[in-house]
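A.B. asks: Sequence and predicted model, in that order:
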Amino acid sequence: MPKVSIPAVRLHAPKIRTPRIQPPKLSRAPRNRPARSAKRNGRPEPNPELIAERGRLLEKFTVMQADLGGAFYEMAIRDHVKMDVLTRKAAELQRLDIELSEVEEALELERSQSTGTCAQCGTEYQPGARFCSSCGAELEDA
């Protein structure tokens, strides 16, 4: 058996922990209180109507996108592509995409305008703040 020499430099691979992937939590705001007054970690919850609208539009977008792809595939395998039909379906999909982006912008605007309160001292802070200006505590979800 041949003799194997020990290398002069040993390489050590860093220990990398794999991140835990958790499914999103889907919950509804209780019906007995207004959604805007509900607070979590000192921040108002997003408008549930906008979130529901975004979910509805995303679902419709996914279905329409699959329909457009399926229609093109069927036309292509039959060697009978009708561009006017595909263009009409693509235009509908584009209109829905614009509507979806408007809802996303409204949600983002709502998130950026919301202020919260420090869990330590109760002082209000501005969006984007990482530390409380009064007590210096690190702010959650900032």
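C.D. replies: Ah, there it is. Residues are numbered from 1 along each chain as shown.
A.B. asks: Please identify the nearest residue in space to Cys132, excluding sequence neighbours.
C.D. replies: Once flanking residues are discounted, Cys132 sits nearest to Cys118: 4.1 Å by CB to CB, 6 or more residues apart in numbering. The way it works is simple: take the backbone N, C-alpha and C, and place the C-beta from them, glycine included.
A.B. asks: Can you name the residues that contact that neighbour?
C.D. replies: Neighbour list for Cys118: Gly42, Glu124, Tyr125, Cys132, Ser134, Cys135, Ala137, Leu139 [criterion: CB atoms under 8 Å, 6 or more residues apart in numbering].
A.B. asks: Please tell me the pLDDT value assigned to it.
C.D. replies: Model confidence at Cys118, given as pLDDT, is 82.
A.B. asks: Same check on Gly42?
C.D. replies: 48.
A.B. asks: Now the element after the helix or strand hosting Met64, going C-ward?
C.D. replies: Here Met64 is covered by helix 48-77, with elements defined by DSSP states H and E. Sequence order places helix 83-113 as the next helix or strand after helix 48-77, per DSSP H and E.
A.B. asks: same for that next one, what does it pack against?
C.D. replies: Packed against helix 83-113 by the contact rule (3 or more CB pairs under 8 Å, 6 or more residues apart in numbering; DSSP states H and E) you find helix 48-77.
A.B. asks: where does the chain have low pLDDT?
C.D. replies: 1-2, 4-19, 21-45, 112-115, 127, 141-142 (pLDDT under 70).
A.B. asks: ends of stretch 74-85, how far apart?
C.D. replies: Separation of the first and last residues of stretch 74-85 by CA to CA, to the nearest Å is 12 Å.
A.B. asks: quick one: contacts of that stretch?
C.D. replies: Contacts of stretch 74-85 (CB under 8 Å, 6+ apart): Ala71, Phe72, Leu86.
A.B. asks: 10 Å instead, please
C.D. replies: Stretch 74-85 has contacts (CB atoms under 10 Å, 6 or more residues apart in numbering) with Leu68, Ala71, Phe72, Leu86, Arg88, Ala90.
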